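1. Sequence and computational prediction follow.
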Amino acid sequence: MDSKSVVMISYYFPPEGNAAVYRPLRFLKELVKREWHATVVSCDPYRYERYDPRLLEQIPPATRIVQAKGRDPWRAFQTRRGTQTQNRVSGLSTEEVRQVVAPHHVPWRSRLREWVRTAEAWVYRPDMAMPWIRPATRATVDLCRRNRPNVIWATIGPLSTGVVAYRTSTATGIPYVLDFRDPWGLEYYPHEIRRPSWAKKIDHWNMCRIFERAQSVVFMFESVAQSYLRAFQGALDRTKIHIIPNGFEGEVESFVHTPGDRCTILYAGTLSTYRYDTLLEGLVQLKRQDPARAAQLRMQFVGEGLQQLAERVADLDLRDVFEIMPPVPSAEVRRLQREAHALLVLGRMPGRTAHELVAGAKLFGYLQAGRPIIGIVPRDETRRILGQVGSSMIADADTPAEVVAVLERVLEAWSNRTLERFIPNRAACEGYSSNRQISALITALTGVSPEQVMTGEVPTLSARLRSEEVR
């Protein structure tokens, strides 16, 4: 096999440990196994969202990492404030934390925060990573001129990584590939909605330029690709589109019934943009209808954005059912998944534009875990994937009664030691292994057209996207 080289632009990369790093890290390792030489350009942040230095051990030894830092006094100030607040509430009880943060929720402070977010949306374009674009472009251009890689691979988001790839390609003539992990540019993110119409038109024009020059564009799902085709008509060539869903590294694990006097259902990851009100309503109903059965249940939540959940749990008298923990390293998450009796996945907030086009990264780690998966979801990509792999424990995100029914089924199977009958189909799950997906990525990186070119009709976008689409 002829050796090839790639410069990967990944804003998030180890020792950052948030969900955004795992897809590029998985594929980087698979490329190196196939004799690709790789260099990574990433961000040197003011603060890591989830610091996990053990992930550095997974980076192939020959891979060079170049960190570029965007100088941004405003972000530095915000980081200091966030650190101070976190230090103040660290170790406090839920009620004590509520007392500390209560002054921040008075009306005038809420209005001020909204004004600040709007100002940020006007100034930081295409996203909050804007100050990183110039230093990252300088670093990437320098690498490309010295080593002349075959291709540049930009993993998005943020969209700023695509801008870096575009500018580098313009300066060096090296082709680039865009890999969209989320629907950036479709007003999925609140800061995109806050922008004035003139800014949206400029952003739309810039994205058209980036799409037109790209060698290949990778999307997670066909529904996402179809939405981009409609939103950027004429700029995005469907013969350049490759569909590579998220996935996992390694083999699907075998199921072992974990002992214990309570049935543990684990949710691992960020919660702030996910909907859990239906879950809480279902638990309240279950506790009212069958308190003995509810007492056998332990809902274990581990990750970021759990403060509001803790407050709601206290208000609803569900503290005996919940165990809420701060973020832990990825290796610890894997251990918790193995010890759980079932894994929980939720849908995005219903008012969020294009929420039906995404599936949380945690879902694919769940597929590898070989455990029963409970989905409390709307009709979105998460629900589609759960159905595809044969997971039958799905409750509608608007129907608490269905949540109760699913939980009762899980508890019955747990007490009878028959949980294995709810495990997703192993062969279907294995299709999401990065070892199976890497050939599709190499096809995109080498500029070969995908095996199947999308020819279907473009579906209608959500009402907000129709009304606010920039033409």
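-> Now that the structure is in, tell me what you want to look at. Numbering: from 1, shown residues only.
2. how many neighbours does residue 74 have?
-> 14 (other Cβ atoms under 10 Å). From N, CA and C alone the C-beta is placed, and that goes for glycine too.
3. so who does it touch?
-> Residue 74 makes contact with no residue, according to Cβ atoms under 8 Å, 6 or more residues apart in numbering.
4. does it sit in a helix or strand, and which one?
-> helix 73-89 (DSSP states H and E).
5. Average pLDDT for that helix, rounded please.
-> Average pLDDT, helix 73-89: 74.
6. okay, residue 6: pLDDT?
-> Residue 6 is assigned 96 on the pLDDT scale.
7. for residue 425, same thing?
-> On the pLDDT scale, residue 425 gets 94.
8. mind checking how far the nearest residue to it once chain neighbours are set aside is from residue 213?
-> Counting by Cβ to Cβ, 6 or more residues apart in numbering, residue 425 lies nearest to residue 390, which is 4.1 Å off, once chain neighbours are set aside. Per Cβ to Cβ, to the nearest Å, residue 390 is found 41 Å from residue 213.
9. With residue 439 instead?
-> 25 Å.
10. What does residue 35 show for phi and psi?
-> Torsion angles at residue 35 (phi, psi; degrees, to the nearest 10) stand at phi 70, psi 30.
11. circling back to that earlier point, contacts only, for the residue nearest to residue 425.
-> Listed by Cβ under 8 Å, 6+ apart, the contact set of residue 390 reads 424, 425, 428.
12. which residue packs closest to the first one, ignoring adjacent ones?
-> Of all residues not flanking residue 424 in the chain, residue 389 sits nearest, at 3.9 Å (Cβ to Cβ, 6+ apart).
13. got the contact list for that neighbour?
-> Residue 389 neighbours (Cβ under 8 Å, 6+ apart): 367, 424, 425, 428, 429.
14. if we can go back for a sec, for the residue nearest to residue 425, helix, strand, or coil?
-> coil (DSSP: H, G, I helix; E, B strand; the rest coil).
15. try residue 38
-> Three states are possible here, and by three-state DSSP the one that applies to residue 38 is strand.
16. was I right about it contacting residue 63?
-> Yes: with contacts counted by Cβ atoms under 8 Å, residue 38 reaches residue 63, the gap being 5.2 Å.
17. quick one: common contacting residues for the two?
-> With Cβ under 8 Å, 6+ apart as the test, residue 38 and residue 63 both reach 28, 32.
18. Those two: who's more crowded?
-> Between residue 38 and residue 63, residue 38 has the larger neighbour count (other Cβ under 10 Å), namely 22 against 15.
19. What separation do you get for that one and residue 25?
-> According to Cβ to Cβ, residue 38 and residue 25 sit 11 Å apart.
20. What values do phi and psi take at residue 254?
-> For residue 254, the backbone dihedrals (degrees, to the nearest 10) come out as phi -80, psi 150.
21. Sorry, slip of the keys, the one I care about is residue 356.
-> Per degrees, to the nearest 10, the backbone of residue 356 is at phi -70, psi -10.
22. what about the residue nearest to it when sequence neighbours are not counted, distance to residue 234?
-> Leaving out its chain neighbours, the residue that sits closest to residue 356 by Cβ to Cβ, 6+ apart is residue 380, at 4.3 Å. In this view, residue 380 and residue 234 are 28 Å apart by Cβ to Cβ.
23. Please compare the two by neighbour count and tell me which comes out ahead.
-> Taking neighbours as other Cβ under 10 Å, residue 380 and residue 234 compare with residue 380 leading, 21 against 9.
24. Mind pulling the model confidence for the more buried one?
-> So residue 380 comes in at 87 (pLDDT).
25. Run through the strands of this structure in chain order.
-> Ranges of strands within the chain are 4-10, 36-43, 64-68, 151-156, 176-180, 216-219, 241-243, 263-268, 297-302, 322-325, 342-346, 373-377, 394-396, based on DSSP state E.
26. TSV for these, including distance to residue 168?
-> As requested, the strands of the chain are exported to TSV (distance: least, Cβ to Cβ, whole Å):
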stretch	distance to residue 168
strand 4-10	8
strand 36-43	9
strand 64-68	12
strand 151-156	6
strand 176-180	7
strand 216-219	16
strand 241-243	21
strand 263-268	36
strand 297-302	38
strand 322-325	41
strand 342-346	37
strand 373-377	39
strand 394-396	44
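27. ok, back up a step: just the pLDDT at the residue nearest to residue 425, thanks.
-> Reported pLDDT at residue 390 in the predicted model: 92.
28. Kindly report the same for residue 135.
-> 96.
29. which residue sits closest to it, ignoring its sequence neighbours?
-> Nearest non-adjacent residue to residue 135 (Cβ to Cβ, 6+ apart): residue 68, at 4.2 Å.
30. Next: residue 147.
-> residue 5 is the one closest to residue 147 (Cβ to Cβ, 6+ apart), at 6.6 Å.
31. Give me the distance between the one you found and residue 27.
-> Relative to residue 27, and taking Cβ to Cβ, residue 5 is found at 15 Å.
32. same thing with residue 219?
-> Going from residue 219 to residue 27 by Cβ to Cβ gives 15 Å.
33. cool, residue 444 as well?
-> Taking Cβ to Cβ as the measure, residue 444 falls 11 Å from residue 27.
34. before we move on, what about residue 57?
-> Distance, residue 57 to residue 27, using Cβ to Cβ: 18 Å.
35. who has more neighbours, those two?
-> It is residue 27, of residue 57 and residue 27, that has more neighbours when counted by other Cβ under 10 Å, with 26 against 7.
36. show me what contacts the more buried one?
-> So residue 27 contacts 434, 437, 438, 441 (Cβ under 8 Å, 6+ apart).
37. What about residue 209, how many residues nearby?
-> If you count neighbours by other Cβ under 10 Å, residue 209 ends up with 13.
38. What of the one 5 residues further on?
-> Applying other Cβ under 10 Å, we find 24 residues neighbouring residue 214.
39. thinking again about what came up before, is the residue nearest to residue 147 in a bridge, and if so with what?
-> residue 37 (DSSP bridges).
40. can I assume residue 7 is in contact with residue 150?
-> No: using Cβ under 8 Å, residue 7 is not in contact with residue 150, being 9.3 Å away.
41. out of these two, which sits in the busier spot?
-> residue 7 (28 against 17).
42. what about the more buried one, distance to residue 64?
-> Distance from residue 7 to residue 64, by Cβ to Cβ: 10 Å.
43. Please parse the protein into its domains.
-> Following automatic domain parsing, one gets these domains for the chain: 4-71+127-248+435-468, 263-430.
44. residues in contact with stretch 251-261?
-> 264, 296, 338-341, 367-371, 417, 419-420, 423, 426, 429-430, 433.
45. Show me how to select, in ChimeraX, the buried members of the contacts of residue 389.
-> In ChimeraX syntax, the buried subset of the contacts of residue 389 is picked out as below (16 or more other Cβ atoms under 10 Å):
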select :367,424,429
